[in-house]
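In: can you look at this prediction? I've put the sequence above it.
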Amino acid sequence: MSSAPKSALERYPEYEAVIGMEVHVQLNTNSKIFCSCPNQFGNTPNTNICPICAGYPGTLPVLNKKVVDSGIMAGLATNSKINQLNYFARKHYTYPDLPKNYQITQDENPICIDGHIMIKDAAGNDKKIRLIRIHIEEDAGKNTHGANGESYVDLNRTGTPLLEIVSHPDLTTAQETRDYLMKLHAIVVSLGISDGNMEEGSFRADTNISMRKKGTTAYGTRVELKNINSFKFIAQAIEYEIERQVTMLETGERIRQETRLWDSKKNQTYFMRSKEEAQDYRYFTDPDLPAVVIDNAWIEKIKSNLPELPDAKAARFHTQYSVSLYDAGVLIEDQAIAAFFEETVKLSKNPKLANNLISREILGFLKEHKLTISESKITPALVAELIGALDKGVINNKVSQEIFIEMAEHGKSPLSIIKEKGLEQIDSVEEIEAIVLKVITANPDNVAKFKTGNDRVFPFFVGQVMKETKGKGNPQTVNDLLRKHLA
């Protein structure tokens with residue numbers, strides 16, 4: 001059996017990756033950042049617009065206070081310092097989806113600075129990923145390109161409030177980057193400031209990656225990976241870029257400063273545009289927006305109303321429900337799943353089985369069918385009912401998997417499925433013993449092997465008995481009786 005080919009970092013361990021992230025978080029306020037237009041996704045193009053967000057001359061923006069609240073919340077949740085004096089700036093560039101020809105953002109006075117997020121490195125040790133800044137800005141519109149070479153501009157998204165979260169280049173692997181993004185995603189969703197929907201653009205991450213020799217302090221030429229809408233694809237793109245850049249360096253090729261996109265079908269990045277020269281955006285303070293002063297009382301009010309954050313929730317699940325730290329981390333990745341788990345535990349009083357069913361069966365089912373928990377027919381009440389049947393020995397684990405599939409696909413009651421299909425566990429010692437003796441009699445060769453010390457044939461006997469009982473035999477009784485009669 002041939003082994004997998006070595007990665008670039010395995011072939012050239014003297015190199016290391018330097019990775020920094022720029023994440024745009026779309027805020028879920030009711031209205032846009034500087035006007036009263038609805039902040040909604042998926043509406044008919046150019047219906048959620050007004051003279052302000054459409055960039056009409058002479059219109060004046062008015063800041064949405066909820067956006068500032070969200071910025072403070074994000075700063076507190078990421079251990080950041082809140083700047084108490086905030087200014088807005090104009091960032092100038094020309095593009096069809098930017099009707100004013102400038103974007104209102106923050107330049108020298110971002111709302112948050114010097115934060116950090118903790119992740120685990122490959123060895124399982126705590127690692128601090130430092131944040132340079134979090135700043136508030138407005139989103140641009142969206143260009144749509146037609147089949148006939150025509151392009152259309154939808155300004156519905158123009159003026160949508162964003163937080164841009166910029167990290168230091170403290171990340172060194174694809175896995176660290178994925179963990180960092182998932183932690184950041186869990187934070188903003190748990191705060192309730194964003195739905196975090198990556199497919200709709202609510203959580204967009206740009207990756208800056210370069211390679212250098214270990215022990216050196218100078219950065220290599222930076223390549224930007226842009227518009228990748230899943231954690232999985234971001235990690236794959238980083239792995240590909242590490243391979244591409246190390247191979248180029250080893251063969252004497254020059255790495256260009258550029259933006260690249262990810263082709264998920266070919267599993268490779270490809271050139272989008274050159275970034276050899278930094279663009280001059282001609283920032284200056286926006287004269288139409290006054291300074292925002294955030295006093296201590298404002299910060300303390302936000303702090304006192306912060307919800308439970310992901311790390312705290314995972315620690316509580318570990319202590320309160322005796323869930324492993326790993327499983328707790330899986331449960332809190334999706335706040336809806338975490339809430340589903342707690343409601344199931346409340347109804348079933350069995351956190352161990354609730355965790356097992358959610359981590360193994362439910363998450364797998366949702367992934368396979370590309371559903372969220374709220375979109376599925378699975379409810380805490382149904383799962384609790386299934387747990388009760390397992391806990392009381394009405395069914396065994398093997399049968400529970402069959403019941404779960406039907407329950408998940410049709411929303412049917414587990415107890416009704418058990419009754420309809422006659423799936424109650426066989427606990428009768430006499431009934432199981434008769435089947436055990438029948439299986440032993442029918443397999444003298446394997447009996448002889450077992451008696452000579454070959455324990456590896458024991459699972460064969462278990463499988464044959466369970467087959468005879470159609471999977472309904474009590475597993476413990478089956479094992480006990482087999483060992484009794486094979487001795």
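Out: That came through, no problem.

In: helix or strand for residue 148, which one?
Out: Assigned by DSSP states H and E, residue 148 falls within no helix or strand.

In: and residue 192, what is it in contact with?
Out: When the contact criterion is CB atoms under 8 Å, 6 or more residues apart in numbering, the partners of residue 192 are 28, 307. Quick note: C-beta positions are derived from backbone N, CA and C, even for glycine.

In: residue ranges of each domain in this protein, please.
Out: The record's domain split for the chain, according to automatic domain parsing, is 8-296, 308-421, 429-486.

In: rebuild those domains as CSV, extending it with distance to residue 302.
Out: Shown next, in CSV, are the domains of the chain (distance: least, CB to CB, whole Å):
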stretch, distance to residue 302
domain 8-296, 5
domain 308-421, 13
domain 429-486, 53
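
In: now those domains as JSON lines including mean pLDDT?
Out: Compiled in JSON lines, the domains of the chain are given as follows (pLDDT from 0 to 100):
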{"stretch": "domain 8-296", "mean pLDDT": "94"}
{"stretch": "domain 308-421", "mean pLDDT": "92"}
{"stretch": "domain 429-486", "mean pLDDT": "79"}
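
In: from residue 262, how far out is residue 236?
Out: Per CB to CB, to the nearest Å, residue 236 is found 7 Å from residue 262.

In: what of residue 366?
Out: Look at residue 366 and residue 262: by CB to CB, they are 24 Å apart.

In: tell me where the stretch 201-350 of the chain has strands.
Out: 203-213, 223-228, 258-263, 268-274, 284-285, 292-293 (DSSP state E, counting those that start in this stretch).

In: export the helix or strand hosting residue 432 as PDB, just CAs?
Out: With elements delineated by DSSP H and E, residue 432 resides in helix 429-442, which encompasses its position. Only the C-alpha atoms of helix 429-442 are listed here, as PDB (Å, rounded to 0.1, in the frame of the first residue of the first chain):
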ATOM      1  CA  VAL A 429     -33.100 -14.900  28.300                       C
ATOM      2  CA  GLU A 430     -34.900 -18.100  27.200                       C
ATOM      3  CA  GLU A 431     -35.600 -16.700  23.700                       C
ATOM      4  CA  ILE A 432     -32.100 -15.400  23.200                       C
ATOM      5  CA  GLU A 433     -30.500 -18.600  24.700                       C
ATOM      6  CA  ALA A 434     -32.400 -20.700  22.100                       C
ATOM      7  CA  ILE A 435     -30.900 -18.600  19.300                       C
ATOM      8  CA  VAL A 436     -27.400 -18.700  20.800                       C
ATOM      9  CA  LEU A 437     -27.500 -22.500  21.000                       C
ATOM     10  CA  LYS A 438     -28.800 -22.700  17.400                       C
ATOM     11  CA  VAL A 439     -25.900 -20.500  16.100                       C
ATOM     12  CA  ILE A 440     -23.300 -22.400  18.100                       C
ATOM     13  CA  THR A 441     -24.500 -25.700  16.700                       C
ATOM     14  CA  ALA A 442     -24.500 -24.400  13.200                       C
END
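
In: report all helices and strands that it contacts.
Out: helix 458-468, helix 475-486 (3 or more CB pairs under 8 Å, 6 or more residues apart in numbering; DSSP states H and E).

In: how does it look with 10 Å?
Out: Contact partners of helix 429-442 among helices and strands, from 3 or more CB pairs under 10 Å, 6 or more residues apart in numbering; DSSP states H and E: helix 444-451, helix 458-468, helix 475-486.

In: turn those helices into JSON lines, columns for mean neighbour count and distance to residue 414.
Out: Output for those, formatted as JSON lines (neighbours: other CB atoms under 10 Å; distance: least, CB to CB, whole Å):
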{"stretch": "helix 444-451", "mean neighbour count": "14", "distance to residue 414": "36"}
{"stretch": "helix 458-468", "mean neighbour count": "16", "distance to residue 414": "20"}
{"stretch": "helix 475-486", "mean neighbour count": "16", "distance to residue 414": "19"}
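
In: just put the ones you listed in a markdown table and tack on distance to residue 127.
Out: Conversion of these to a markdown table gives the following (distance: least, CB to CB, whole Å):
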| stretch | distance to residue 127 |
| --- | --- |
| helix 444-451 | 51 |
| helix 458-468 | 42 |
| helix 475-486 | 43 |
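
In: so which of the ones you listed comes closest to residue 287?
Out: helix 475-486 (75.2 Å; CB to CB).

In: so the closest one versus helix 458-468, what angle?
Out: 120 degrees (axes from the mean of the first three to the mean of the last three CA atoms, to 10 degrees).

In: helix/strand/coil for the most centrally placed residue in the chain?
Out: The structure's the chain has its C-alpha centroid closest to residue 182; by CA atoms, centre = their mean the separation is 4.5 Å. Three-state secondary structure (criterion: DSSP: H, G, I helix; E, B strand; the rest coil) places residue 182 in helix.

In: likewise residue 176?
Out: On the three-state scheme (three-state DSSP), residue 176 is labelled helix.
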